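Undergrad: Sharing a sequence plus its predicted fold:
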Amino acid sequence: MVRVGTLLPGGAPHVVPLWFVWLEEGVYVTCRRDSRVWANLQRDPRVALEFDRGRAWVEHQGLLLHGSAELLGADHPSAKRAISAWFEKYRSDLGGDGFEAYATQVPEPAMFRVRPDRFAGWSNGGPRGEPA
């Protein structure tokens with residue numbers, strides 16, 4: 001999961017967890033075409049992506065990326081490769097019916113790509129337990 005931060009019409013932050021795949025060309029994130037995330041990005045493409053890992057405090061670390069989202073149509077040249085990688089990554093999470101179950105539950109899937117323009121990382125496992 002990646003936590004995706006977009007801006008609501010009034011300027012307040014909107015943060016939701018979504019599935020993603022990271023390829024050479026950027027981070028590809030999926031959502032629903034009728035979602036608040038998609039509507040926010042149509043209006044203002046600025047986005048923040050937050051990745052984290054670890055359970056114990058000293059293991060916890062993360063990465064925050066900022067960039068602009070590029071909304072991709074199904075016919076975009078990189079969309080097919082990205083969606084194939086996405087399905088491969090989440091195949092076991094989709095269950096036995098895989099694509100069919102997903103297509104039934106999400107009739108209008110959408111994908112956007114983020115090419116980061118800045119990033120910051122953090123880790124609680126630095127010297128003496130201080131953030132690195």
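TA: Yep, that arrived.
Undergrad: Report pLDDT for the residue nearest the centre of the chain.
TA: Central residue check for the chain by Cα atoms, centre = their mean: the C-alpha nearest the mean position is that of residue 29, 4.0 Å away. Residue 29 carries a pLDDT value of 97.
Undergrad: Name the SS class of residue 75, please.
TA: When the structure is reduced to helix, strand and coil (DSSP: H, G, I helix; E, B strand; the rest coil), residue 75 reads as coil.
Undergrad: neighbours around it, how many?
TA: 7 (other Cβ atoms under 10 Å). (Each C-beta comes from the backbone N, C-alpha and C, glycine too.)
Undergrad: biggest strand in the protein, by residue count?
TA: Secondary structure assigned by DSSP state E gives strand 109-123 as the longest strand of the chain.
Undergrad: buried stuff in it?
TA: 110, 111, 112, 113, 114, 116, 123 (16 or more other Cβ atoms under 10 Å).
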